[in-house]
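S.K.: okay, predicted coordinates and the sequence, questions at the end:
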Amino acid sequence: MTYQLLLVELKNNILYITINRPQKLNALNKEVLTELAHAVATAQTNKQVNAILLTGAGEKAFVAGADISEFQNYNSAEGKQLAKDGHDHVFDAIENSSKPIIAAINGFALGGGLELAMACHIRIASENAKLGLPEVTLGLIPGYGGTQRLAQLVGKGRAFEMIFTADMITAEKAQQIGLVNHVVAQADLLAKADEILEKIKLRAPLALASAVKAVNAGFNPKLNGYQTEIEEFGNCFNTNDFKEGTAAFLEKRKAKFNGS
């Protein structure tokens, strides 16, 4: 696929995905979501990809929301389909990615943009970032998982306050309540993400994928998180990475994992 609205680069086993609509503050439209779905799905089977960094072009916005002009005339059925397609192909796919995904939040992360960041496994924000879910000002609620993931990350009470008031919060406040992992100067944003990704690259890929399954299972009412952990823990014993990791530990050397 040739991407028109994404910049995609594989460098040192890290896939850098940049939403490239700076003139629209990187707002999500159908084309962006389609391209994101493809980029994330393709990365799952690319053995050269160990981890993914997701960000927005420019210094003003990660993603400033969804492109409202696309759905302002939708009816209920169309709205439900819009949300379902987003869940199935993009947001849930990111959350369940076997390759760890870090969101580097540069500037505004509002509405669908914050929902996109929350679907990622780790969030790093620049000091000038502003985060919020303003959907109720449009007569809507968050439709790409925001009502669920925000409550999981910051608690039910804080999630209600952010959704009810539609207020934006600062990066510092977001870190205080657990919405983002780190806050850094904007000039240091990608470097901080790279620092974490470089560590992740050294870890056993299949174990990372199992960790994603186990952690996410704990928030899925259809699954038993503890049972998933037991199963994934056991599955790790059948991997070459487990053999390499334990051998390296006992031999007092650094492990060299190959994801098998």
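M.R.: Structure received. Since the structure is predicted, the reported quantities are computational estimates derived from the model, not experimental observations. Numbering: from 1, shown residues only.

S.K.: Lys256 - how many residues pack around it?
M.R.: Residues lying near Lys256 (other Cβ atoms under 10 Å) number 10. Every C-beta, even on glycine, is put in place using the N, C-alpha and C of the backbone.

S.K.: contacting residues around it?
M.R.: By Cβ atoms under 8 Å, 6 or more residues apart in numbering, the contact set of Lys256 is Glu244, Ala248.

S.K.: distance-wise, check it relative to Lys201.
M.R.: In this view, Lys256 and Lys201 are 12 Å apart by Cβ to Cβ, to the nearest Å.

S.K.: same check, this time on Glu251
M.R.: Distance of Glu251 to Lys201, given as Cβ to Cβ: 21 Å.

S.K.: compare the two (neighbour count), which wins?
M.R.: Legend: neighbour count by other Cβ under 10 Å for Glu251 and Lys201, higher for Lys201 (16 against 9).

S.K.: spit out the contact partners of the closest residue to that one other than its chain neighbours.
M.R.: Spatial nearest neighbour of Lys201, chain neighbours left out: Asn50 (4.7 Å); criterion: Cβ to Cβ, 6 or more residues apart in numbering. Going by Cβ under 8 Å, 6+ apart, Asn50 touches Asn13, Ile14, Lys99, Leu197, Ile200, Lys201, Pro205.

S.K.: does the third one really touch Gln48, like I thought?
M.R.: Read that as Lys99. No. Using Cβ atoms under 8 Å as the test, Lys99 is too far from Gln48 to be in contact (10.6 Å).

S.K.: residue contacts, Asn46?
M.R.: Asn46 neighbours (Cβ under 8 Å, 6+ apart): Leu10, Leu15.

S.K.: ok, now Asn26?
M.R.: Applying Cβ under 8 Å, 6+ apart, we find Asn26 in contact with Ile19, Asn20, Val32, Gly56, Ala57, Gly58, Ala61, Phe62, Val63, Ala64, Gly113.

S.K.: kindly report the same for Phe249.
M.R.: By Cβ under 8 Å, 6+ apart, Phe249 lies in contact with Ala255.

S.K.: relative to Pro142, how far out is the closest residue to Gly145 other than its chain neighbours?
M.R.: Closest residue to Gly145 apart from its sequence neighbours, by Cβ to Cβ, 6+ apart: Phe91 at 4.9 Å. Note on Phe91: its distance to Pro142, by Cβ to Cβ, is 11 Å.

S.K.: how far away is Ala43 from Ala174?
M.R.: In terms of Cβ to Cβ, Ala43 sits 26 Å off from Ala174.
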